[in-house]
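Asks: Okay, here's the prediction I keep looking at, along with the sequence it came from:
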Amino acid sequence: MSFSDDVNRFTKKTKTQGGNNVRKFVLKVAESLILKTPVGDPSRWKTKYKPLGYAGGTARANWQHGFHSFPISFNDVQDKSGSRTLDAIRRNVFVAEPFQVHYIANNTPYIQRLEDGHSGQAPNGMLKTTLLEFRQFV
């Protein structure tokens, strides 16, 4: 064993561990955003009538991960529990090279209103509170 071999092993191990840590971090942030995103509960609404075509879980289902570019699509799907959304992000994160830029986005038309506290279920938003917890994830 030479010093060069030792350095190469150390480099490979560090890259592997670093990549795993990046993936864990991205998934932890995604999970926080998804689970903090409110799902409409008509029993808590000020009005007794839900909008025509309303289906709860659309905002939660639209958290997306991108690694070559920023996700720009909106999916007219629902995921009240968030499990399908997190599973899709998990699959995508493990395909990505670990040391590239990871994007997490939500293109639901009313996501900014939810972030600004429009829902009593997330009065402080999802992104703001996740950013406050950021240090715990790292």
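Replies: Yes, it's here.
Asks: Please make it C-alpha for all contacts and neighbour counts, starting now.
Replies: OK.
Asks: can you tell me the average pLDDT over stretch 56-63?
Replies: Mean per-residue pLDDT for stretch 56-63: 96.
Asks: starting at the chain centroid, how far to it?
Replies: The chain centroid and the centroid of stretch 56-63 are separated by 11 Å under C-alpha atoms, centre = their mean, to the nearest Å.
Asks: ok, now stretch 65-75?
Replies: 11 Å.
Asks: cool, and stretch 65-82?
Replies: The chain centroid and the centroid of stretch 65-82 are separated by 9 Å under C-alpha atoms, centre = their mean.
Asks: Flag every buried residue along that stretch.
Replies: For stretch 65-82, a neighbour-count test (16 or more other C-alpha atoms under 10 Å) marks 65, 66, 67, 71, 74, 78, 79, 80, 82 as buried.
Asks: Which single helix of this structure contains the most residues?
Replies: helix 3-36 (DSSP state H).
Asks: which residues touch the next helix or strand after that helix?
Replies: Sequence order places helix 58-61 as the next helix or strand after helix 3-36, per DSSP states H and E. With contact meaning C-alpha atoms under 8 Å, 6 or more residues apart in numbering, helix 58-61 is reached by 34-35, 37-39, 75-80, 82, 84-85, 106, 108, 111.
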